[in-house]
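Visitor: below are the sequence and a predicted model for it; my questions follow.
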Amino acid sequence: MIITIANTSASGIHAALVKARHSIGVASSMVFTMIVIADLRHYEKALAACQDAGREHPSRIILVVNGQETEDRLDAEIRLGEEVPGEVITLKFNGELAEHRDSVVLPLLLPDSPVVAWWPAGAPDKPGEDPLGKLAIRRITDAMGSSRPMAAIEHRARNYSPGDTDLTWTRLTPWRALLAAAVDSYPARIDEVRVEGAANNAGSMLLAAWLEDRLQVPVVRSEKGTGIGITNVTLKTTKGDISISREDGKMATFTAPGLPRRQVALRRRDVNALITEELRRLDVDDIFASAMSALVQQCERRNAARAAK
């Protein structure tokens with residue numbers, strides 16, 4: 001069922017939602033509210049990602065979009081029923097109402113349940129201090145959605161607050177799992193790590209920070225990768241190099257001392273899969289926080305080295 005409401009208010013939306021739920025007999029089994037702050041350009045992709053994630057995490061999804069009209073006006077669309085996992089409410093703010101979005105969203109949050117905020121593209125400088133971000137216990141951004149991903153992830157690190165996360169980190173989950181398994185399987189002292197990635201790739205920057213934080217060894221990062229995203233990680237150990245190389249964004253080649261090369265799956269994932277994974281945990285990610293702190297330290301050393309030249 002799709003209900004369109006023109007020139008309405010939060011109370012009008014809530015009344016329409018209750019009426020629709022009773023008319024089609026939808027049972028409430030939603031586990032949290034997800035606020036998605038998107039522009040018109042990213043609206044469709046954000047909606048598709050949320051609905052896909054909703055199959056694993058039934059929730060009330062509130063899509064917040066700024067319209068292009070100058071008249072103060074709030075238009076809404078409600079989707080619910082068997083074809084929709086949970087409920088989807090789209091709010092289009094026009095005119096000065098766009099400056100007071102939180103006051104409209106607040107009454108529509110599910111009671112006594114967590115709130116997650118997601119900015120698919122552009123995000124505020126400090127998500128934790130944003131009016132909509134303050135409503136959430138988890139705030140998801142995506143540095144790779146910026147025109148300058150590396151600058152964006154550095155900015156996120158410098159302005160981190162507990163509850164923040166970035167899909168750049170979620171993209172690293174397969175890499176981190178594979179590297180952790182490699183370190184556990186081949187015990188040897190690691191003297192240095194080299195991370196190679198494509199130019200302006202935030203993932204290689206954050207992975208280098210995580211490796212330095214966890215292994216407490218020097219990490220050298222290169223932007224000369226010829227493939228997509230992260231292309232190579234090499235652990236230089238006392239028994240030889242352990243290397244994971246990926247050129248095509250799908251399969252990686254794993255090499256270790258005394259063992260034949262082998263292929264391992266290391267496919268790049270779409271945003272739908274990333275959001276689904278990220279919603280599996282709503283507590284503060286201490287490892288991510290530590291990696292972001294290490295990233296700030298790396299940036300400080302880089303800036304000091306540049307200033308010394």
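Guide: Cool, the structure landed.

Visitor: rest of the way, CA atoms for contacts and neighbours
Guide: Noted.

Visitor: L91 bridge partners, please.
Guide: The partner list for L91 in beta bridges (DSSP bridges) reads V64, A76.

Visitor: residues near it, how many?
Guide: 26 (other Cα atoms under 10 Å).

Visitor: now V183
Guide: Neighbours around V183, by other Cα under 10 Å: 16.

Visitor: name the element the residue lying closest to I275 once chain neighbours are set aside belongs to?
Guide: Excluding its sequence neighbours, the residue lying closest to I275 (Cα to Cα, 6 or more residues apart in numbering) is A53, at 6.5 Å. Assessed by DSSP states H and E, A53 sits inside helix 43-54.

Visitor: tell me which strands and helices that helix is in contact with?
Guide: strand 59-66, helix 271-278 (3 or more Cα pairs under 8 Å, 6 or more residues apart in numbering; DSSP states H and E).

Visitor: how about 7 Å then?
Guide: helix 271-278 (3 or more Cα pairs under 7 Å, 6 or more residues apart in numbering; DSSP states H and E).

Visitor: name the next helix or strand downstream of the helix it packs on, please.
Guide: helix 286-308.

Visitor: quick revisit: so who does the residue nearest to I275 touch?
Guide: Listed by Cα atoms under 7 Å, 6 or more residues apart in numbering, the contact set of A53 reads 272, 275-276.

Visitor: and A273, how close does it get to S59?
Guide: To S59, A273 is 16 Å away according to Cα to Cα, to the nearest Å.

Visitor: between the two, tell me which one has more neighbours.
Guide: Using other Cα under 10 Å, the more surrounded residue of A273 and S59 is S59, with 24 against 15.

Visitor: how far away from the center of its chain is the helix or strand where V220 lies?
Guide: Taking DSSP H and E as the criterion, V220 maps to strand 219-222. In terms of Cα atoms, centre = their mean, to the nearest Å, the centre of strand 219-222 is found 24 Å from the chain centre.

Visitor: now swap in stretch 288-307 and tell me
Guide: 21 Å.

Visitor: need the helices for this structure, in chain order.
Guide: All helices of the chain, identified by DSSP state H, fall at 10-24, 43-54, 101-105, 149-158, 167-171, 173-185, 202-215, 271-278, 286-308.

Visitor: buried ones in the helix holding A53?
Guide: The neighbour-count check on helix 43-54 (16 or more other Cα atoms under 10 Å) flags 43, 46-47, 49-54 as buried.

Visitor: can you check stretch 212-229 too?
Guide: By neighbour count on 16+ other Cα under 10 Å, the buried set for stretch 212-229 is 212-213, 218-219, 221, 223, 225, 227-229.

Visitor: against T238, how distant is the residue in the chain sticking out farthest from the centre?
Guide: Most distant from the centre of the chain: G258, at 38.0 Å, with distances by Cα atoms, centre = their mean. Here G258 is placed at a distance of 13 Å from T238 (Cα to Cα).
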